[in-house]
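**Student:** Show me how the following folds:
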Amino acid sequence: MATAMMPLLDVLKGASEFLAKQGVESPRLNAEHLLAHVLGIKRLELYLQFDRPLGEMERAPLRDLIRKRGTGIPLQHLLGTVEFCGRTFQSDARALIPRPETEQLVERALTYGSLTTILDVATGSGVIAISMALERPEAAVTATDISPEALALARGNASLLGAERVIFHESDLMPSGEDRFDLITANLPYIPSAEIPTLSREVHHDPVLALDGGADGLDLVRRLTPLAASRLNPGGHLLLEIGMGQAAAVTECLAGYNYRDITALPDYQGTLRFIEAVHG
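**Tutor:** I've put the predicted structure just below:
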């Protein structure tokens with residue numbers, strides 16, 4: 001007996017209602033992304049096909065994805081991709097899912113003057129380093145991460161997006177050697193250890209290594225601050241993404257290592273999310 005067809009709009013409504021009952025934020029948007037993924041079309045094309053009949057061949061894989069999303073598996077992991085600075089990157093459980101706020105870090109970095117050497121510390125999936133390399137083709141870009149799994153993802157993204165010239169190092173914060181840089185960026189783990197169990201179920205699919213910043217969230221910032229000072233060119237920039245309520249402590253830390261022009265910058269929600277400073 002043939003399975004009845006259902007209009008796309010009805011399928012979308014049913015999926016949205018299920019996700020809403022499971023406590024998924026923005027259930028309709030999530031359902032649209034997953035349905036577009038199953039159908040192999042852009043999300044906005046759904047709005048032109050609300051009457052399109054969908055059979056079991058389309059609905060079965062959608063049901064599977066919707067069920068997984070309802071358990072808290074992040075949308076980006078189910079899609080296998082994430083949008084960042086206008087480009088599509090691969091995204092999975094090997095590295096932190098890039099947040100929209102981090103796009104603002106790249107936007108800020110691109111306002112700096114001539115940059116010939118750039119280092120991105122704790123690069124994760126590589127979105128900052130790769131974005132900078134593509135936007136500043138004249139600059140030599142280096143990226144580090146302590147996780148070999150994250151670096152494999154980052155290298156895959158570099159290859160996918162044509163940024164093979166980014167040099168990746170498996171290292172704890174700074175790369176070996178004595179190379180100096182005009183800009184060092186870092187979106188370090190900054191969540192206080194005690195807060196990690198309270199994070200959303202989606203965030204628990206990120207590696208703990210990419211989240212845990214120690215007792216007050218600033219362990220890695222304190223370690224990086226003097227190391228970066230020793231590897232920045234005179235007048236070079238340090239640009240950090242930080243957690244809510246950490247701006248004063250990070251500013252104080254930087255002030256002790258010959259940084260100047262230390263500035264806390266807000267994200268689009270008004271939270272002080274970034275610290276920039278000039279060294280020397």
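**Student:** can you pull out the strands in the stretch 51-200 of the chain?
**Tutor:** For the stretch 51-200 of the chain, applying DSSP state E, counting those that start in this stretch gives strands covering 53-54, 81-84, 87-90, 117-121, 140-145, 167-170, 181-186.
**Student:** Poorly predicted segments of the protein, please.
**Tutor:** Within the chain, the stretches with pLDDT under 70 are 1-3.
**Student:** what residue is smack in the middle of it?
**Tutor:** The C-alpha lying nearest the average C-alpha coordinate of the chain belongs to residue 98 (C-alpha atoms, centre = their mean; 1.2 Å).
**Student:** Just the buried residues of the helix or strand harbouring residue 250, please?
**Tutor:** In the assignment (DSSP states H and E), residue 250 maps to helix 247-255. Neighbour-count burial for helix 247-255 flags 247, 250-251, 253-254 (criterion: 16 or more other C-beta atoms under 10 Å). Just so you know, the C-beta spots here come from the backbone N, C-alpha and C atoms, and that holds for glycine as well.
**Student:** Format those as CSV; extra columns: distance to residue 215.
**Tutor:** Converted to CSV, the buried residues of helix 247-255 look like this (distance: C-beta to C-beta, whole Å):
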residue, distance to residue 215
247, 18
250, 15
251, 19
253, 15
254, 20
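**Student:** which one among the residues you listed gets closest to residue 44?
**Tutor:** Of all the buried residues of helix 247-255, residue 44 sits closest to residue 247, with 37.8 Å by C-beta to C-beta.
**Student:** you'd agree that closest one is up against residue 276?
**Tutor:** No. Checked against C-beta atoms under 8 Å, the pair residue 247 and residue 276 is beyond contact range at 11.3 Å.
**Student:** What about residue 240, how many residues nearby?
**Tutor:** 25 (other C-beta atoms under 10 Å).
**Student:** Quick one: residues contacting it.
**Tutor:** 185-188, 221, 250, 274-276 (C-beta atoms under 8 Å, 6 or more residues apart in numbering).
**Student:** if we take the residues you listed, which one ends up nearest to residue 102?
**Tutor:** Taking the contacts of residue 240 together and measuring to residue 102 by C-beta to C-beta, the closest member is residue 187, at 5.6 Å.
**Student:** The closest residue in space to the closest one that isn't next to it in sequence pairs with what?
**Tutor:** Leaving out its chain neighbours, the residue that sits closest to residue 187 by C-beta to C-beta, 6 or more residues apart in numbering is residue 241, at 4.1 Å. Counting by DSSP bridges, residue 241 is bridged to residue 274.
**Student:** Residue 241 contacts residue 103, correct?
**Tutor:** No. Counting by C-beta under 8 Å, residue 241 does not reach residue 103; the two are 10.6 Å apart.
**Student:** Need phi/psi at residue 147.
**Tutor:** As for residue 147, its main-chain torsions (degrees, to the nearest 10) stand at phi -100, psi 120.
**Student:** check contacts around it.
**Tutor:** 94-95, 170, 207, 209-210.
**Student:** ok, residue 134 - contacts?
**Tutor:** Contacts of residue 134 by C-beta under 8 Å, 6+ apart are 87, 161-163.
**Student:** Return a PyMOL selection command for the buried portion of those residues.
**Tutor:** Restricted to buried positions by 16+ other C-beta under 10 Å, the PyMOL selection for the contacts of residue 134 reads:
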select buried, resi 87+161+163
